[in-house]
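Chemist: okay, here's the prediction I keep looking at, along with the sequence it came from:
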Amino acid sequence: MKWYKIPDVEPTKEPFIKKVKAGGKNICLVGYEGKIYAMASSCPHAGYDLSEGLCAKGKIVCPYHRYTYELATGKGGEGQNDFLETYAIDIRGEEIYVGIKSFWDKVLGRK
Ligand code: FES
């Protein structure tokens, strides 16, 4: 897994949703109930930008058709049969890092 520093975003306990770029990917960075989560910014349903959505009950809600995905796991809501890719977060002092696995990391089960 490779770690990427997210520029211009500091850790906070305040809620937020922000689209950032790391490792060539568009990432939706979410602050929710004091924790920070990272996930793909493109909705698996039809590609809408999840960073324009909202959070409720531990899930991000897509603003377009209201599909939901668990912030911690990316698991889609009941009946959706889909999932959202999520990424590891590491807080180092006042900096946020997102961990992105390569194709080979995933195939070989590397952390
Ligand atoms: S594009 Fe997100 S729910 Fe349809």
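Modeler: Nice, I can see it.
Chemist: Leu29: neighbour count?
Modeler: Leu29 is flanked by 22 other residues according to other Cβ atoms under 10 Å. To be clear about C-beta, it is placed using only N, CA and C from the backbone, and glycine gets the same treatment.
Chemist: can you tell me the element it falls in?
Modeler: Leu29 is part of strand 25-32 when elements are defined by DSSP states H and E.
Chemist: what residues are bridge-paired with Ile6?
Modeler: Ile96 (DSSP bridges).
Chemist: check contacts around it.
Modeler: Ile6 sits next to 20, 22, 27, 29, 95-98 when contact means Cβ atoms under 8 Å, 6 or more residues apart in numbering.
Chemist: let's see that with 10 Å instead.
Modeler: Ile6 makes contacts with 18, 20-22, 27, 29, 36, 38, 89, 95-98, as judged by Cβ atoms under 10 Å, 6 or more residues apart in numbering.
Chemist: can you list those residues in a markdown table and add pLDDT?
Modeler: As requested, those are exported to a markdown table (pLDDT from 0 to 100):
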| residue | pLDDT |
| --- | --- |
| Lys18 | 96 |
| Val20 | 97 |
| Lys21 | 95 |
| Ala22 | 93 |
| Ile27 | 97 |
| Leu29 | 97 |
| Ile36 | 97 |
| Ala38 | 98 |
| Ile89 | 97 |
| Glu95 | 96 |
| Ile96 | 97 |
| Tyr97 | 97 |
| Val98 | 97 |
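Chemist: would you list these in a markdown table and tack on distance to His65?
Modeler: Below are these laid out as a markdown table (distance: Cβ to Cβ, whole Å):
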| residue | distance to His65 |
| --- | --- |
| Lys18 | 22 |
| Val20 | 24 |
| Lys21 | 25 |
| Ala22 | 26 |
| Ile27 | 21 |
| Leu29 | 22 |
| Ile36 | 26 |
| Ala38 | 22 |
| Ile89 | 27 |
| Glu95 | 35 |
| Ile96 | 29 |
| Tyr97 | 32 |
| Val98 | 26 |
